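**Student:** With the input below, show me the fold.
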Amino acid sequence: MFAVLCSLRRWSAGLALTLAAALPAAAQTPAPPEIAARAYLLYDVTTQQVLAAKDPDMAVEPASLTKLMTAYLVFDALRAQKISLTQTLPVSERAWKMPGSRMFIDPKMQVPVEDLLKGMIVQSGNDATVALAEGVGGTVERFVELMNQQAKALGMNSTGFRNPEGLTAPGHTTTARDLSILATRLMKDFPQYVPYYAIQRYRYPGTPAANDTNRNLLLFRDPTVDGLKTGFTNAAGYCLVATARRQFPALGEGAAGQRRLVSVVLGAANENARAAESQKLLNWGFSAYQAVRLFAPGQPVATPEVWKGQASSVKLGRADGVVVSVPTGQAAGLRTEVLRTDPLVAPLQQGQPLGTLRVKTAAGEVVAEIPLFVLETVGEAGLLGRLWGAVRLWIK
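**Tutor:** Residues are numbered from 1 along each chain as shown. Below you'll find the predicted structure:
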């Protein structure tokens, strides 16, 4: 087996992809705006590309952005039917006495899981967070172990959790990159619960009315913003993981034409600054980069030859299609090529990773490298077919 670079021209005329006239050789990546924050990252969820970043791997305190992981584990417990939205949970003394942001629940109450989620997400209640952690993990300490296990499973390699609510503690740190991973996976794995993050106002009956407003100011300023979470401690500064979804007809109609970005802004000066800087970053991402659909969902990107198989070729592509973000105005002249191993020997299973699609501008700048998968299974040939395939390989 050896790696080969295969021009898509080998497979079909449509795969030797030149979208239009060539670009000038001096084409440049757009410079992001000045963002007044210690660290930030802008991620295109639709194309799975980082569009801009400053110190994305610097260790920072996450403050209440920690609650994104707490919510992830609660959503997972709901999916596994370990708990239900209507199930009530007790409020322990520990939860009741939590400092910082609160939902204002007390030990006399039995609170439904759904209300505790809203209290944690909308009001950033530390009391609601601890009640959920105890309800899912049995104890806060066990829940924190689950948080760290899940962080490793998601690839958040620079994150360590010490509590479920985000109060300052030694070793309780993360990075902008890890937070973008968490936010993206939360939305992908639990889309049915994402609407909770767009709720502007909520309070539990019998609690103070003045405590009902979501601290994510972008929910009140930009109708395309539908989440996610704010955070603040003296050490962390003002933080915001925001996400916006906007319609782009060039990508398609309905959901197919939607493009989602996630911004992570950490250590801003105040509540208004974190919102303003996040808005600036999101607007820049949508305008400075355009999303280009190269291949439709399920459309073969390449059909290379297969040896010793029931079929003579295999279809490579992606079930969700291929969309890339390129600097606005540079879609013309995009070139694609496939990196894969050769020869390909059956059996090959549907969904099996097999190759990478590399996308370049006409100037030669690599825009994206996108994993490809087997779209249709190619079974192993019978004995005679395998023998004949072995002879052909030997001759080749």
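**Student:** Which strands and helices lie in contact with the lengthiest helix in the chain?
**Tutor:** For the chain, the helix that runs over the most residues, judged by DSSP state H, is helix 271-288. Helices and strands touching helix 271-288, by 3 or more Cβ pairs under 8 Å, 6 or more residues apart in numbering; DSSP states H and E, are strand 39-44, strand 49-54, helix 218-221, strand 225-233, strand 237-247, strand 258-268. Where you see a C-beta, it was placed from the backbone N, CA and C, and this is true even at glycine.
**Student:** Pro208 is nearest to which of the ones you listed?
**Tutor:** strand 225-233 (19.0 Å; Cβ to Cβ).
**Student:** what's stretch 30-42 in contact with?
**Tutor:** 50-56, 58, 60, 175-177, 179-180, 237, 261-269, 273-274, 277, 280-282, 284-285, 288-289, 327-328 (Cβ atoms under 8 Å, 6 or more residues apart in numbering).
**Student:** one step back: closest to Arg340 out of the helices and strands packed on helix 271-288?
**Tutor:** Among those, strand 49-54 sits nearest to Arg340 (Cβ to Cβ), with 21.4 Å.
**Student:** quick one on the thing from earlier: would JSON lines of the helices and strands packed on helix 271-288 with distance to Tyr197, mean pLDDT and mean neighbour count be doable?
**Tutor:** What follows is the helices and strands packed on helix 271-288, written out as JSON lines (distance: least, Cβ to Cβ, whole Å; pLDDT from 0 to 100; neighbours: other Cβ atoms under 10 Å):
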{"stretch": "strand 39-44", "distance to Tyr197": "16", "mean pLDDT": "98", "mean neighbour count": "25"}
{"stretch": "strand 49-54", "distance to Tyr197": "21", "mean pLDDT": "97", "mean neighbour count": "18"}
{"stretch": "helix 218-221", "distance to Tyr197": "9", "mean pLDDT": "98", "mean neighbour count": "18"}
{"stretch": "strand 225-233", "distance to Tyr197": "3", "mean pLDDT": "97", "mean neighbour count": "24"}
{"stretch": "strand 237-247", "distance to Tyr197": "8", "mean pLDDT": "97", "mean neighbour count": "23"}
{"stretch": "strand 258-268", "distance to Tyr197": "12", "mean pLDDT": "97", "mean neighbour count": "25"}
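**Student:** Including distance to Gly119, could those go into JSON lines?
**Tutor:** Formatted as JSON lines, the helices and strands packed on helix 271-288 follow (distance: least, Cβ to Cβ, whole Å):
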{"stretch": "strand 39-44", "distance to Gly119": "28"}
{"stretch": "strand 49-54", "distance to Gly119": "32"}
{"stretch": "helix 218-221", "distance to Gly119": "17"}
{"stretch": "strand 225-233", "distance to Gly119": "13"}
{"stretch": "strand 237-247", "distance to Gly119": "19"}
{"stretch": "strand 258-268", "distance to Gly119": "24"}
